[in-house]
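S.K.: What follows is a predicted protein model with its sequence.
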Amino acid sequence: MGIFSRARDIIQANVSDLLERAEDPAKTIRLAIMEMEETLVEVRASAARTIADQKEMRRTILKIEQAQEGWAEKAELALSKGREDLAAAALAEKQKVKAIAEQMHEELDLLTNQLAGYEDDILKLEAKLREARARQASLLARLETAQKRARVRAMTQGQRVEDAFSRFEILERRVDLAEGRAESYDLGTPRKSLEEEIAELRASDAVRAELEAMKRRLTSAKEG
């Protein structure tokens, strides 16, 4: 026995309520979809048998109606030959055949109504199946998102992250030591005084001025 019993239960079921009550919504909706698909196949098979019965019954009714016409022709023939007794017997047979035809027409109407019911069930089952599949896609997406969030939290809050930060701290310490060794070579080296640095700036300006003057003289000589 599945989540649903048969087509009527599936059609009347509320998928949302079913999932809210389920301990494992993903599994529940997967099983529900399987049962919907199986039920839909069964209803289609029943509809196919009903269509086949209709076709067979229509052929039988056609034969009976042809038999009616045959008995009517026989009655006319007997009456034309003065055999009223045979004509009456032929018409009695025609009435029997007519009664059978009327009964079969009623049965054909029942089959037509039954097929209409199957068609309505198929439409409703397909709608429920589309709804369930849409809910399944949504559930799977939410489940995937939740699993990713859980993995991210495990990564950001677990021992592996703490170990990684510990390694970063060790690396930073090594960099500090390397920089310290490089800077230690500058220790003890006499630094320039403020006057010396300003004198160097002035000397630099004088050199640039002389260089510009030299360029101008060379340019004038070439042009002259």
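M.R.: It's in. Values in this document were obtained by computation on a predicted structure and should not be read as measured data.

S.K.: Stretch 52-62: how far from the chain's middle?
M.R.: Computed by C-alpha atoms, centre = their mean, to the nearest Å, the chain-centroid distance of stretch 52-62 equals 42 Å.

S.K.: Stretch 108-118 now?
M.R.: 34 Å.

S.K.: for stretch 42-57, same thing?
M.R.: 32 Å.

S.K.: Dump the C-alpha coordinates for it into CSV.
M.R.: Output of stretch 42-57 as CSV, limited to C-alpha atoms (Å, rounded to 0.1, in the frame of the first residue of the first chain):
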residue,chain,number,x,y,z
GLU,A,42,-3.2,2.0,-14.9
VAL,A,43,-5.9,4.6,-15.7
ARG,A,44,-4.6,5.0,-19.3
ALA,A,45,-4.6,1.2,-19.7
SER,A,46,-8.3,1.1,-18.5
ALA,A,47,-9.1,3.9,-20.9
ALA,A,48,-7.5,2.0,-23.7
ARG,A,49,-9.6,-1.1,-22.9
THR,A,50,-12.7,1.0,-22.8
ILE,A,51,-11.9,2.5,-26.2
ALA,A,52,-11.4,-1.0,-27.6
ASP,A,53,-14.7,-2.2,-26.1
GLN,A,54,-16.4,0.8,-27.7
LYS,A,55,-15.0,0.0,-31.1
GLU,A,56,-16.1,-3.7,-30.8
MET,A,57,-19.6,-2.7,-29.6
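
S.K.: Touching it from outside, list them.
M.R.: If you take C-beta atoms under 8 Å, 6 or more residues apart in numbering as the criterion, stretch 42-57 is touched by 7, 104, 107-108, 111-112, 114-115, 118-119, 121-122, 125. (C-beta placed from N, C-alpha, C; glycine too.)

S.K.: 6 Å - rerun?
M.R.: 7, 104, 108, 111, 114-115, 118, 121-122 (C-beta atoms under 6 Å, 6 or more residues apart in numbering).

S.K.: Give the buried residues for it.
M.R.: By neighbour count with 16 or more other C-beta atoms under 10 Å, stretch 42-57 contains the buried residues 43, 46-47, 50, 54.

S.K.: And stretch 67-76, by the same measure?
M.R.: 67-68, 71-72, 74-75.

S.K.: can you give me the strands in the protein?
M.R.: Assigned by DSSP state E, the chain shows no strands.

S.K.: how's it carved up into domains?
M.R.: 7-157, 161-189, 193-224 (automatic domain parsing).

S.K.: hmm, back to that, got TSV for the buried residues of stretch 67-76, with distance to residue 33 and pLDDT too?
M.R.: What follows is the buried residues of stretch 67-76, written out as TSV (distance: C-beta to C-beta, whole Å; pLDDT from 0 to 100):
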residue	distance to residue 33	pLDDT
67	51	94
68	52	93
71	57	93
72	58	93
74	61	93
75	63	92
